[in-house]
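Enquirer: next comes the sequence, and after it the predicted model I'd like to discuss.
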Amino acid sequence: MPLVIPYPEIDPILVQFGPIAIRWYALSYIGGLMLAWWYMRVLIRRASASPVPGPLSLEQVDDFITWVVIGVVLGGRLGYVFFYKPAFYLDNPAQILQVWQGGMSFHGGLLGVIVAGILFARRHKIPMLAFADLGFVATPIGLFLGRLANFINGELYGRVTDVPWAMVFPRGGPSPRHPSQLYEAALEGLVLFILLYFLWRREGVRGRPGVLTGVFLVGYATARGLVELVRQPDVYLGLLAGGTTMGQWLSAPMLALGLYLIFRSKRT
């Protein structure tokens, strides 16, 4: 009989006032965006006195956060609709807007933020790759909080296993499973955040626009691809060709683009 760590059942609703419920998942989005905004301002201040200053002013960082919110919400929701459950939402289009029912895609949210970033950079005549570098240095904050919220919700759990740290998730049946949400929080969030922080501090790296963006894309794609090996596939998709998953398929272009940006970067 394998050792099983008790799953710490936490109410997904932090507090409720009548029909209005404040959920941990919503707070992870709000907290991730606010902390990323604060962190970008800190980096801009510290870089302002260096030979390689940041690409934005503090005022532009403040303006951009609104664009990010729109990109994350619209992109994340539409990505989930089209990447994971297109047939269901084609039959039930009214539910596309019911974000409170759950269903957000990181890859869709990423695309939404990229589109928002391109439009914002063009409007303010900001160098695109240097701008992207600053944004992606802060992105792991939201990833870390989002994966913790997935763990609290007991969703996106791992496959059945007998490792000593396995957990029985309420939605996953009686068998112990990998706490894959915590793996992703550690790799996509904490490890990637630390790596990008130390790279950002190096003026030689900041002076090569696109490198930090490439490191983020490669780091996320690698972490996600590895965790997908132990993460339970989505029930409505299952395993795809060769035992792969949708998460791995969506991460492959990120890996390719990240490697391209790293190898093409030139010192400005």
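Expert: All right, it came through fine. Numbering: from 1, shown residues only.

Enquirer: doesn't Ala21 belong to a helix?
Expert: No. With DSSP: H, G, I helix; E, B strand; the rest coil as the criterion, Ala21 is assigned strand and is not in a helix.

Enquirer: who touches the closest residue in space to it that isn't next to it in sequence in this structure?
Expert: Distances taken as C-beta to C-beta, 6 or more residues apart in numbering put Ile13 closest to Ala21, at 4.7 Å, once the chain neighbours are dropped. Using the backbone N, CA and C atoms, a C-beta is placed for each residue, glycine as well. Taking C-beta atoms under 8 Å, 6 or more residues apart in numbering, we find Ile13 in contact with 21-24.

Enquirer: alpha carbons of stretch 177-196, as PDB, please.
Expert: What follows is stretch 177-196, C-alpha atoms only, in PDB (Å, rounded to 0.1, in the frame of the first residue of the first chain):
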ATOM      1  CA  ARG A 177      -2.100  10.800  -8.000                       C
ATOM      2  CA  HIS A 178       0.800  13.100  -8.800                       C
ATOM      3  CA  PRO A 179       0.200  16.700  -7.400                       C
ATOM      4  CA  SER A 180       1.100  18.000 -10.900                       C
ATOM      5  CA  GLN A 181      -0.200  21.500 -10.100                       C
ATOM      6  CA  LEU A 182       2.600  21.800  -7.500                       C
ATOM      7  CA  TYR A 183       5.200  20.600 -10.000                       C
ATOM      8  CA  GLU A 184       4.100  23.300 -12.400                       C
ATOM      9  CA  ALA A 185       4.000  25.900  -9.700                       C
ATOM     10  CA  ALA A 186       7.600  25.100  -8.800                       C
ATOM     11  CA  LEU A 187       9.000  24.800 -12.400                       C
ATOM     12  CA  GLU A 188       6.900  27.300 -14.400                       C
ATOM     13  CA  GLY A 189       6.700  29.700 -11.500                       C
ATOM     14  CA  LEU A 190       9.400  29.700  -8.900                       C
ATOM     15  CA  VAL A 191      12.400  28.200 -10.900                       C
ATOM     16  CA  LEU A 192      11.700  30.300 -14.000                       C
ATOM     17  CA  PHE A 193      11.200  33.400 -12.000                       C
ATOM     18  CA  ILE A 194      14.600  33.000 -10.300                       C
ATOM     19  CA  LEU A 195      16.300  32.200 -13.500                       C
ATOM     20  CA  LEU A 196      14.900  35.300 -15.300                       C
END
